[in-house]
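Asks: For reference, the sequence and a predicted model appear below.
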Amino acid sequence: MFAQRVFVVSMQQIDVAANVRAELARRRITQTEVAQRLGVTRQNVAQRLNGTVDFRVGELISIANMLDITIGDLVGGVKASA
């Protein structure tokens with residue numbers, strides 16, 4: 001039998017992922033370029049951009065630096081959950 005995986009994705013993950021995707025698209029930066037900068041695989045980046053896996057704070061900082069924007073620009077309007 002195959003185990004079925006269930007992914008729970010929060011709206012916060014989606015918002016951050018959407019913001020990152022939008023900023024990368026504006027600058028025409030590929031997932032491969034981001035992966036090289038972060039030291040992860042392109043698949044790891046894809047999972048984060050799809051909201052399947054949360055970005056780590058350090059990754060968001062690296063991406064913000066790469067894009068010459070603030071981390072606030074990437075998480076803009078996302079409220080921390082309790």
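Replies: Everything's here; your move. Numbering: from 1, shown residues only.

Asks: Please report how far Arg26 lies from Leu67.
Replies: Using C-beta to C-beta, to the nearest Å, one gets 9 Å for the distance from Arg26 to Leu67. Bear in mind the C-beta positions are built from the backbone N, C-alpha and C, glycine included.

Asks: who has more neighbours, the two?
Replies: Taking other C-beta atoms under 10 Å, Arg26 and Leu67 do not tie; Leu67 has more neighbours (17 against 9).

Asks: Hmm, Leu67 is touching Ala25, no?
Replies: No: Leu67 is not in contact with Ala25 according to C-beta atoms under 8 Å; the separation is 11.1 Å.

Asks: Put the alpha carbons of the helix of greatest length in the chain into PDB.
Replies: When the chain is parsed with DSSP state H, its longest helix is helix 11-26. Extracted in PDB, the C-alpha atoms of helix 11-26 (Å, rounded to 0.1, in the frame of the first residue of the first chain):
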ATOM      1  CA  MET A  11      -2.000  31.400   4.000                       C
ATOM      2  CA  GLN A  12       1.100  33.000   5.400                       C
ATOM      3  CA  GLN A  13       3.300  30.500   3.600                       C
ATOM      4  CA  ILE A  14       1.500  31.300   0.400                       C
ATOM      5  CA  ASP A  15       1.700  35.000   0.800                       C
ATOM      6  CA  VAL A  16       5.500  34.900   1.500                       C
ATOM      7  CA  ALA A  17       6.100  32.500  -1.400                       C
ATOM      8  CA  ALA A  18       4.000  34.600  -3.700                       C
ATOM      9  CA  ASN A  19       5.900  37.700  -2.700                       C
ATOM     10  CA  VAL A  20       9.300  36.000  -3.300                       C
ATOM     11  CA  ARG A  21       8.100  34.600  -6.700                       C
ATOM     12  CA  ALA A  22       6.900  38.000  -7.800                       C
ATOM     13  CA  GLU A  23      10.200  39.700  -6.800                       C
ATOM     14  CA  LEU A  24      12.200  37.000  -8.600                       C
ATOM     15  CA  ALA A  25      10.100  37.300 -11.700                       C
ATOM     16  CA  ARG A  26      10.500  41.100 -11.800                       C
END
